[in-house]
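Enquirer: mind looking at a prediction? Sequence and model below.
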Amino acid sequence: MMLGAGRWLLRSAAALGSARQGAAAAARALSAAASRRTLFVTPPQQSEQQQQQWAGAKIVDSKNWKANVDASKFLCTAPDAVQEELCAYVKPLAAGALTHDTMDSHSVDRNQLKHTEAFLRDIEASHLINGPAAAILQPIANLNSILEIRLAALTMSQLMGECLKQNAQGERSILVFDRDATRQMVDGQRYHQSHEGGSLHTDNVNIPQCWEFMLLTCLQPAVEGGQSILVSASAVYEHFLRTDPQVLETLWRDFWWEYRGFNDAFYRAPILFTNKMGEPCFRWLREYMESAHKRLGVAFTSAQQHALDALTAVTLDPAFQFRHTFRQGEILFANDLQLFHGRTAFLDAAPAQPTYDFEHPVNRLMQRNWVKTASVYRDINQSDYTIPTRHQVTAIMQSN
Ligand SMILES: [Fe+2]
């Protein structure tokens, strides 16, 4: 069953207004928009005739859940044949030449993993695309070391599609742990390098191109805290549709973003958009987006400030949050732009260090992989974006 979406006049200042038409035309319009990206810093204002009547996004029941959702909706277990196949593949790799530092160089041999690849395609369809936009895979039996678990997650990421580089160093399997307990994100610390909680977000924020799936693998739970938090993008969207649709209209317009971790450039993109199925997607990590505006000297309007505060408040509202304490070996599969995720603050057993101590793995440790799927769902989530030239960015900085 689809929920009817409200209608209001969208006075969009976005660069590509045609992509903002009704949900029924969303797939066609978004596809067309992808081939018409421009280099305008300030998008052309739309005339009265160009103003679009936006029908909103459609909300599917399976993706519209809140805190009281049954955990069984997310939990899944690999069949024995898959677990045995993965173990047979991963264990020799871990016992061989691959180390924590070199494992990213491994290229998966699909011929040895037919059962696993088919299982992952099932998870995509049943949980990530047509289900709750998330799956929590139970630990693979007999994977005992952290390196084996890391390799299993990397293997599954590569089986799903292209396992993407996540920073300028080209790392594909990023370790999430606290490097320095004294530094905070307001000081420029990356989220995955801190122990802070809150800040519900999507990961697809520091590159404009959209990819589909994130795998977050628990390698070592924290001694205290570090509980994972999931929030449905559809539930947040529906909340504002009922209570404050002006927030959605504001989030539908462009904001400035930075390529944190990659380079010092900027791009523009909306926080809210619809995917090719006409469903709501969010690009959201407030601290990174605010940093881009601050660096450029571009202040938020009062409407933008209200929308940002409202989105923050709802994602931090416990009524919207499904919480799960991950065990070692559990893997979160996320349809990233349809699922806010975050964690509670955590306390480690040992002092934070710049390099993880694999000899004494007592501190909280997760692995993050980003996947551009090779399945039929490739490019299902596509947002407009605009990339300015350096000259245009300089002009904006000098004018503010
Ligand atoms: Fe994240």
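Expert: Nice, thanks for sending it over.

Enquirer: quick one: the strands in the stretch 101-250 of the chain?
Expert: 134-137, 161-163, 174-176, 198-201, 213-220, 224-225, 228-232 (DSSP state E, counting those that start in this stretch).

Enquirer: between those strands, which gets nearest to Tyr385?
Expert: strand 198-201 (17.6 Å; Cβ to Cβ). Glycine gets a C-beta too; all of them are placed from N, C-alpha and C.

Enquirer: contacting residues around the residue nearest to Asn263 when sequence neighbours are not counted?
Expert: Of all residues not flanking Asn263 in the chain, Ala168 sits nearest, at 6.6 Å (Cβ to Cβ, 6 or more residues apart in numbering). The contact partners of Ala168, taken as Cβ atoms under 8 Å, 6 or more residues apart in numbering, are Gly261, Phe262, Asn263.

Enquirer: try Ser145
Expert: Ala94.

Enquirer: okay, it: pLDDT?
Expert: pLDDT recorded at Ser145 is 96.

Enquirer: as a markdown table, the strands of the stretch 101-250 of the chain with distance to Leu251, mean pLDDT and mean neighbour count would be great.
Expert: A markdown table is the format used below for the strands of the stretch 101-250 of the chain (distance: least, Cβ to Cβ, whole Å; pLDDT from 0 to 100; neighbours: other Cβ atoms under 10 Å):
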| stretch | distance to Leu251 | mean pLDDT | mean neighbour count |
| --- | --- | --- | --- |
| strand 134-137 | 22 | 98 | 24 |
| strand 161-163 | 28 | 97 | 19 |
| strand 174-176 | 27 | 94 | 20 |
| strand 198-201 | 14 | 89 | 21 |
| strand 213-220 | 21 | 98 | 24 |
| strand 224-225 | 30 | 90 | 14 |
| strand 228-232 | 15 | 97 | 23 |
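
Enquirer: in a markdown table: those strands, plus distance to Arg121.
Expert: Shown next, in a markdown table, are those (distance: least, Cβ to Cβ, whole Å):
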| stretch | distance to Arg121 |
| --- | --- |
| strand 134-137 | 12 |
| strand 161-163 | 11 |
| strand 174-176 | 24 |
| strand 198-201 | 27 |
| strand 213-220 | 12 |
| strand 224-225 | 35 |
| strand 228-232 | 22 |
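
Enquirer: helices of the protein, start to end?
Expert: 26-34, 80-95, 114-123, 146-160, 233-243, 245-251, 286-296, 302-315, 390-399 (DSSP state H).

Enquirer: and the longest one, what other elements does it pack with?
Expert: Pointing back at helix 80-95 there. helix 114-123, helix 146-160 (3 or more Cβ pairs under 8 Å, 6 or more residues apart in numbering; DSSP states H and E).

Enquirer: who touches Pro208 in this structure?
Expert: By Cβ under 8 Å, 6+ apart, the contact set of Pro208 is Trp257, Tyr267, Ala269, Ser383, Tyr385, Ile387.

Enquirer: closest one to Met366 among the strands of the stretch 101-250 of the chain?
Expert: Here strand 174-176 is closest among these (Cβ to Cβ), at 4.0 Å.

Enquirer: quick check: neighbours of that closest one in the sheet, parallel or antiparallel?
Expert: The pairing partners recorded for strand 174-176 under DSSP bridges are strand 365-373 (antiparallel).

Enquirer: how far off centre is the strand it pairs with?
Expert: Computed by Cα atoms, centre = their mean, to the nearest Å, the chain-centroid distance of strand 365-373 equals 10 Å.

Enquirer: now the angle between helix 146-160 and it, please.
Expert: On the basis of axes from the mean of the first three to the mean of the last three Cα atoms, to 10 degrees, strand 365-373 is oriented at 10 degrees to helix 146-160.

Enquirer: what angle do strand 228-232 and strand 365-373 make with each other?
Expert: Using the same axes, to 10 degrees: strand 365-373 against strand 228-232 is 30 degrees.

Enquirer: which residues touch strand 365-373?
Expert: 124, 146, 149-150, 153-154, 157, 160-164, 166, 172-177, 192, 203-204, 211-220, 326, 336, 356, 378.

Enquirer: can you report phi and psi for Ser375?
Expert: When read as degrees, to the nearest 10, the backbone of Ser375 gives phi -80, psi -180.

Enquirer: mind listing what it touches?
Expert: Arg121, Glu124, Met160, Gly161.

Enquirer: which one among the contacts of Pro208 gets closest to Val298?
Expert: Trp257 (11.5 Å).

Enquirer: what's the spacing between Ser399 and Leu296?
Expert: Going from Ser399 to Leu296 by Cβ to Cβ, to the nearest Å gives 10 Å.

Enquirer: neighbour count winner among those two?
Expert: Neighbours around Ser399 and Leu296, counted as other Cβ atoms under 10 Å, are more numerous at Leu296. The numbers are 18 against 9.

Enquirer: who touches that one in this structure?
Expert: Trp256, Phe266, Val393, Ile396, Met397, Asn400.

Enquirer: now, of the residues you listed, which are buried?
Expert: Trp256, Phe266, Val393, Ile396 (16 or more other Cβ atoms under 10 Å).
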